[in-house]
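*Asks:* 3D, please:
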Amino acid sequence: MIDEILGELRNGIEKAHESLKRELSRLRTGRANPDLLSPIRIDYYGTPTPLSQMANVAVPEARLLTVKPWDKTQLKVIEKAIVEAGLGLNPQVDGELIRIPMPALSEERRKELVKIAKKAAEEGKVGIRKARHDAKNLLESLKKEGEASEDDCERALKKVEERVQEGTSMVDQIVGKKEKDILEI
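*Replies:* Down below sits the predicted model:
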C-alpha cells in the first residue's frame, strides 16, 4: 500500500512537470517554436479546430514559422485567427503558405515573459505540494487504521519529502532553462 502511495506521488509530480513544460512551451522566446501556435483554434465550418489539425507548422529558420494549410481555402481564416490570438505575430500570406516572422523581443517584454514563467513555476510547485499533502494524508490514515507500522510510515514520509525536493528542484531547472532562452538575444 505504501508503494502505491509513493507511485501516486510520483505521478502527481510528473503531471506537474508536464503541465509546466506545456505552459512554458507557449511562451515566446526569440526563437521560433511551433508550440507557440498550439492554443490557436480555427473556425472550420462551424467547429473550433486546433491549427495543428488543419495545417503543417514548420520552422525553416530560427526566427520564422511557416503554416501550410491542407485546405487552401482556409488560408485567410488561419491568418485571421493568428492575428486575433494576441501573440504579437504578423502573419504574411505567400501563395499557399503563411509565413510568420518572429519579431525580436524588447527587454521589457522579456522581463514580462520571465515573470510569467516564474508564475507557471509556482503553479507547478503548488501541484507538487498538493501531491505531497495527499500522500501524507494517505500515510496518516494507514497508520491510524493499523495497516502499516509507525516506522514504515516514517520511512515513507522521508521518501515523500525526498521526492518532493527532487520534483521542486526539477521545476527550478525547467524554468531556469526557459528563462535563459527568453533572456537570450
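*Asks:* find the helix or strand that the closest residue in space to Ala131 that isn't next to it in sequence is a member of.
*Replies:* Excluding the flanking residues, the one nearest Ala131 by C-beta to C-beta, 6 or more residues apart in numbering is Gly12, at 2.9 Å. Heads up, the C-betas are built off the backbone N, CA and C, glycines and all. Element membership for Gly12 (DSSP states H and E) is helix 2-25.
*Asks:* ok, residues contacting that helix?
*Replies:* The contact list for helix 2-25 (C-beta atoms under 8 Å, 6 or more residues apart in numbering) reads 33, 35-36, 38, 117, 120-121, 123-125, 127-128, 130-132, 134-135, 138-139, 142, 148, 152-153, 156, 159-160, 163-164, 166-167, 170-171, 174-175, 178.
*Asks:* in PyMOL, how would I select the buried members of those residues?
*Replies:* Of the contacts of helix 2-25, the buried ones can be selected in PyMOL as follows, counting by 16 or more other C-beta atoms under 10 Å:
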select buried, resi 33+36+117+120+121+124+125+127+128+131+132+135+138+139+142+148+153+156+159+160+163+164+167+170+171+174+175+178
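*Asks:* which of the contacts of helix 2-25 fall in helices?
*Replies:* Judged by DSSP state H, the contacts of helix 2-25 include 117, 120-121, 123-125, 127-128, 130-132, 134-135, 138-139, 142, 152-153, 156, 159-160, 163-164, 166-167, 170-171, 174-175, 178 as members of helices.
*Asks:* what's the pLDDT at Gly30?
*Replies:* With respect to pLDDT, Gly30 has a value of 67.
*Asks:* how much space separates Ala121 from Val114?
*Replies:* Here Ala121 is placed at a distance of 10 Å from Val114 (C-beta to C-beta, to the nearest Å).
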